[in-house]
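Visitor: build me a model from this:
(one chain, ligands or ions: 2)
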Amino acid sequence: EARAAIEQWTGPATTTDGVRVKLLANVGDAESARAAAAAPVEGVGLFRTELCFLDRRDEPSVDEQAALYADALRPFAADGRPVVVRTLDAGSDKPIAFATLDEEENPALGVRGLRLAEHNPALLERQLDGIAAAARETGAETWVMAPMVATVAEAAGFAAQVRERGLRAGVMIEVPSAAILAERLLAEVDFLSIGTNDLTQYVMAADRLASDLAHLTDPWQPAVLQLVAATAAAGRAAGKPVGVCGEAAADPLLAVALIGMGITSLSMAPAAVRPVGAQLSAVSFAACEEAARVAMGAADPAAGRQAVRDVVTARR
Ligand code: PEP
Ligand code: MG
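Guide: Residues are numbered from 1 along each chain as shown. Ligands and ions are numbered 1, 2, ... in the order given. Here you go, the predicted model:
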């Protein structure tokens, strides 16, 4: 019965008491964007542009970048669905030959994401030119966000560069400092998107690639959830969208808790959309709020999962 509900779910996601939840897709190139456009999603919440360049030795020209981005925007531009494009998140677990510095002692804490732009400002300028050209050419509603933002000054500088080109600007919340400063970041940008994969890594001081640390790199960790909730509350106070685009958004039970915290959109691999949508459509917003409370108050991830499962089952 549950499986049938998932397979038949066509969206949009609405709780039993009528609260709309935006479900979005994570994509990495034109091909995955075309596949995602067929899923019941309202747009793209994370276009990981660095995945277009994993095998490139040299930086593509602005024109070549524009063509690549346009191919990814087009399937969503066709019916007016917005796309959040993330600027290069090169470095650490995603080395890009033409962008990443070599020889860092500790790349996860090194020059990665937006930090590369301070090192090489023209690289970001050219990428933003390519994104803006693709947005113009396709007519796609294009939002642009930066990864690995740690300070208010970084957010303000990035937002100015994006708005100069007529696009909406946001930053990812992946570093604890950014979550702590969410209210001040929101004064500088139009939206926030929480990258729970990296936020968990940095909150828990546990390498996201270390399988021995899986119990720590778990977005159900109450410390992570409290920072997510604080960020969502800041968004609500500012009247600006705060989404989640890490793996946490693809977990149907955790999705219930995230919506209860006031998260406004969930972006995930297209395969996760139906299970998450079906789960959210089976609960009330009050149950989501209760799920948020018990998940944050749990002793550990396992207890949190069980407590949310109990809430969801009781409120069915
Ligand atoms: C994240 O860190 O949660 C995220 C969405 O970005 P990535 O997984 O690409 O680092
Ligand atoms: Mg990340």
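Visitor: and the helices in the stretch 51-200 of the chain, which stretches?
Guide: 62-77, 115-119, 121-138, 152-164, 176-180, 182-186, 196-204 (DSSP state H, counting those that start in this stretch).
Visitor: of the ones you listed, which shows the lowest average pLDDT?
Guide: Set side by side, the helices of the stretch 51-200 of the chain differ in mean pLDDT, and helix 115-119 is lowest with a mean of 93.
Visitor: from the contact counts, what lies against that one?
Guide: helix 121-138 (3 or more C-beta pairs under 8 Å, 6 or more residues apart in numbering; DSSP states H and E). C-betas here are computed from N, CA, C, even on glycine.
Visitor: please point out which parts of the helix it packs on sit buried.
Guide: Leu123, Leu124, Arg126, Gln127, Leu128, Gly130, Ile131, Ala132, Ala133, Ala134, Ala135, Thr138 (16 or more other C-beta atoms under 10 Å).
Visitor: ok, the last one touching Arg81?
Guide: No. Here Thr138 lies out of contact with Arg81, judged by C-beta atoms under 8 Å, at a distance of 11.6 Å.
Visitor: quick one on the thing from earlier: quick one: closest of the helices of the stretch 51-200 of the chain to Glu247.
Guide: Closest of the helices of the stretch 51-200 of the chain to Glu247 is helix 196-204, at 5.7 Å (criterion: C-beta to C-beta).
Visitor: possible to save the buried residues of helix 121-138 as a markdown table with distance to ligand 1?
Guide: As requested, these are arranged in a markdown table below (distance: C-beta to the nearest ligand atom, whole Å):
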| residue | distance to ligand 1 |
| --- | --- |
| Leu123 | 18 |
| Leu124 | 17 |
| Arg126 | 21 |
| Gln127 | 16 |
| Leu128 | 19 |
| Gly130 | 19 |
| Ile131 | 17 |
| Ala132 | 22 |
| Ala133 | 24 |
| Ala134 | 20 |
| Ala135 | 21 |
| Thr138 | 23 |
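Visitor: could I get the CA-only coordinates of stretch 197-205 as CSV?
Guide: What follows is stretch 197-205, C-alpha atoms only, in CSV (Å, rounded to 0.1, in the frame of the first residue of the first chain):
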residue,chain,number,x,y,z
ASN,A,197,26.4,17.1,3.9
ASP,A,198,29.0,19.7,4.6
LEU,A,199,27.2,21.4,7.5
THR,A,200,27.2,18.0,9.3
GLN,A,201,30.9,17.4,8.5
TYR,A,202,31.9,20.8,9.9
VAL,A,203,29.5,20.8,12.9
MET,A,204,30.6,17.3,14.0
ALA,A,205,34.3,17.7,12.9
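Visitor: report the buried residues of it.
Guide: Buried-residue list, stretch 197-205, by 16+ other C-beta under 10 Å: Asn197, Asp198, Leu199, Thr200, Gln201, Tyr202, Val203, Met204.
Visitor: residue contacts, the second one?
Guide: Right, Asp198. Contact partners of Asp198, counting by C-beta atoms under 8 Å, 6 or more residues apart in numbering, are Pro147, Met148, Met172, Glu174, Val175, Arg208, Gly246.
Visitor: quick check: residues of the protein near ligand 1?
Guide: Residues of the chain lying close to ligand 1 (C-beta under 6 Å from any ligand atom) are Leu46, Arg48, Asp89, Glu174, Gly195, Thr196, Asn197, Asp198, Cys245, Gly246.
Visitor: from the residues you listed, which would you call buried?
Guide: Buried among the residues of the chain next to ligand 1 (16+ other C-beta under 10 Å): Leu46, Arg48, Asp89, Glu174, Gly195, Thr196, Asn197, Asp198, Cys245, Gly246.
Visitor: okay, and the helix or strand of the chain with the least pLDDT?
Guide: Lowest by mean pLDDT, DSSP states H and E among the helices and strands of the chain is helix 2-8, with a mean of 84.
Visitor: now it: buried residues?
Guide: Quick answer for helix 2-8 (16+ other C-beta under 10 Å): Ile6.
Visitor: what's in contact with it?
Guide: Arg274, Pro275, Ala278, Ala282.
Visitor: reformat those residues as a markdown table; add secondary structure.
Guide: Conversion of those to a markdown table gives the following (DSSP: H, G, I helix; E, B strand; the rest coil):
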| residue | secondary structure |
| --- | --- |
| Arg274 | helix |
| Pro275 | helix |
| Ala278 | helix |
| Ala282 | coil |
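Visitor: what's the farthest-apart pair in those?
Guide: Taking C-beta to C-beta, no two of the contacts of helix 2-8 sit farther apart than Arg274 and Ala282, at 12.5 Å.
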